[in-house]
Structures are given as structure tokens and as C-alpha cells.
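Trainee: What shape does this take:
(one chain, ligands or ions: 3)
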Amino acid sequence: MTHSISLVASPLAERTRAVLKRRNLIFVGLMGAGKSAIGRLVANQLGLPFVDTDNEIERVSRMTISELFATYGEAEFRALETRVIRRLLRSGPKVVSTGGGAFINDKTRRQIERGGISVWLKADLDVLWERVNKRDHRPLLKTENPKLTLENLMNERYPIYQRANVTVISRDERKDIIAAEVMEAVIAHLSQGRKNHE
Ligand SMILES: Nc1ncnc2c1ncn2[C@@H]1O[C@H](COP(=O)(O)OP(=O)(O)O)[C@@H](O)[C@H]1O
Ligand SMILES: O=C(O)C1=C[C@@H](OP(=O)(O)O)[C@@H](O)[C@H](O)C1
Ligand SMILES: [Mg+2]
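Mentor: Numbering: from 1, shown residues only. Ligands and ions are numbered 1, 2, ... in the order given. Below is the predicted model of the structure:
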């Protein structure tokens, strides 16, 4: 777990911390959406611990995600992912970036729903493709036509990601701007919740 504290928290970050209280902030969405990058940035701005579940899985298994898929298959990877996420979400507050399939798994999604506020980083196919095609560490994209695979995953998964508490559009825009939009959306969501309970 990395824990970095910004020297000066912005007013936006302070307001977000105040509404978040002890809840976790959990990033979900497709590969390339920016969960790992934006999650880390938001954690840094909030002065909260940050965990990327793929990194945590690699740490506990002492294998890379690709090695896990190749050696044990996707089903075992999902079981490990569920266990790691359950443990991480037991306490808060922290920022957790999940791998793209976590929220799609029924068991894991229920844990996320109970464990904090979920943020879907939603992006269109060209944005995702532009980002993922530069690296080859994602086993699900090692297909003959990875862009089509990504498109198929979008069609399957977007109806499920839509259940997240908050949606922010991830696009060709500065990361700190996307991070600020995440914080605004979290504040709006939690303030709305408070109004409904009054
Ligand atoms: N707003 C952005 N602008 C430019 N590049 C971005 C942005 N958000 C993410 N990226 C880059 O896109 C790539 C994929 O992002 P990553 O955080 O690994 O996505 P995910 O964890 O959702 O798969 C990384 O190289 C990351 O730095
Ligand atoms: O979409 C998926 O099922 C996966 C996404 C990956 O994480 P990122 O979304 O961070 O790339 C990683 O967990 C694994 O390769 C499976
Ligand atoms: Mg990631």
C-alpha cells in the first residue's frame, strides 16, 4: 500500500474528505479507462492510502497478472481478486483501483457495493484503444483483433458498470482535471444521499 500525503490539500480535496468520511473510493471501468492512474492521483490529493488491486494480487501471488492467467486461468484469477478486494475493503478510508473485470463478477461487485463509493471511469473505444495498445501486459487483449475484443467487452460490461454510484467521463484531458471531476461527482453523490435521508 502506498500512502502519500499532498503537502497542501486543495479546498476540493478537503470537501471530498469531509463527505467521504470513512468510506472507501473504488474505481471501476474497462481496461485503459485510467483507474490506476486517476485513482493514484485522487488518493494523493486526498492524502489517503492507495491500492491498485492488480498490484496487490501480483504482490501476494508473487506472479504477474499474465502469469496468473497463463498458469491458473481466469476463474482462479477472479477468485483471488475477490479475496484480495474483500480484505482491502474491510477498513477505510482509502482509494482502491480495481482491474476491469472486478465489478463484473457478482460476488466482487457486491463487496464493492458494500465497501464504499464506486466510481465508473467511462471512456469511448478510441480513447481506450489509444491507451491500451501501447502496452501488452493485459492477457485478455492477446487476441487476433484486440480492438474488436475491447469493443465486445464494452458491449458486455457497460450495462453493469452503469450500476456504479458515480460516473465520470475519461477522455483526452489532463489527469488532474479528470481527478477534480471525480471529486466533484463524489461530493454531489454524497450530498444528494444526505438530502434524501433528511
Ligand atoms: N486523462 C488521461 N490522459 C492521458 N493519459 C491517461 C489519462 N488517464 C490515463 N492515462 C494513461 O492511459 C494508460 C492506461 O491507464 P491506466 O490507469 O493503466 O488504466 P486502467 O487501470 O483503467 O486500465 C496509462 O498509460 C495512463 O497513464
Ligand atoms: O478487464 C479485465 O478483465 C482485466 C483488467 C486488468 O486491469 P486494468 O483494467 O487495470 O487493465 C487486469 O485486472 C486483468 O488483465 C483483467
Ligand atoms: Mg489498472
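Trainee: Am I right that Arg86 falls within a helix?
Mentor: Yes - counting by DSSP: H, G, I helix; E, B strand; the rest coil, Arg86 falls inside a helix.
Trainee: and the residue most central in space within the chain, what are its bridge partners?
Mentor: In the chain, the C-alpha closest to the average C-alpha coordinate belongs to Phe27, at a distance of 2.3 Å (CA atoms, centre = their mean). Using DSSP bridges, the bridge partners assigned to Phe27 are Ser97, Val119.
Trainee: Next, the contact list for it, please.
Mentor: Phe27 sits next to 35, 38-39, 95-98, 118-119, 121 when contact means CB atoms under 8 Å, 6 or more residues apart in numbering. Bear in mind the C-beta positions are built from the backbone N, C-alpha and C, glycine included.
Trainee: Once you drop chain neighbours, what's closest to Met63?
Mentor: Distance criterion CB to CB, 6 or more residues apart in numbering; nearest residue to Met63, sequence neighbours excluded, is Thr71 at 7.0 Å.
Trainee: Check which helix or strand the one you found maps to.
Mentor: helix 65-72 (DSSP states H and E).
Trainee: So for that helix, mean pLDDT?
Mentor: The average pLDDT within helix 65-72 is 97.
Trainee: hey, C-alpha coordinates of it in CSV?
Mentor: What follows is helix 65-72, C-alpha atoms only, in CSV (Å, rounded to 0.1, in the frame of the first residue of the first chain):
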residue,chain,number,x,y,z
ILE,A,65,-1.3,-10.9,-13.9
SER,A,66,-0.3,-12.5,-17.2
GLU,A,67,1.5,-15.4,-15.4
LEU,A,68,-1.6,-15.9,-13.2
PHE,A,69,-3.9,-16.1,-16.3
ALA,A,70,-1.5,-18.4,-18.1
THR,A,71,-0.8,-20.8,-15.2
TYR,A,72,-4.2,-20.9,-13.4
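Trainee: Return the set of buried residues in it.
Mentor: 65, 68-69 (16 or more other CB atoms under 10 Å).
Trainee: Adding distance to Lys142, write these out as JSON lines.
Mentor: Formatted as JSON lines, the buried residues of helix 65-72 follow (distance: CB to CB, whole Å):
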{"residue": "Ile65", "distance to Lys142": "12"}
{"residue": "Leu68", "distance to Lys142": "14"}
{"residue": "Phe69", "distance to Lys142": "9"}
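Trainee: Mind picking the one among these that's closest to ligand 2?
Mentor: Ile65 (4.9 Å; CB to the nearest ligand atom).
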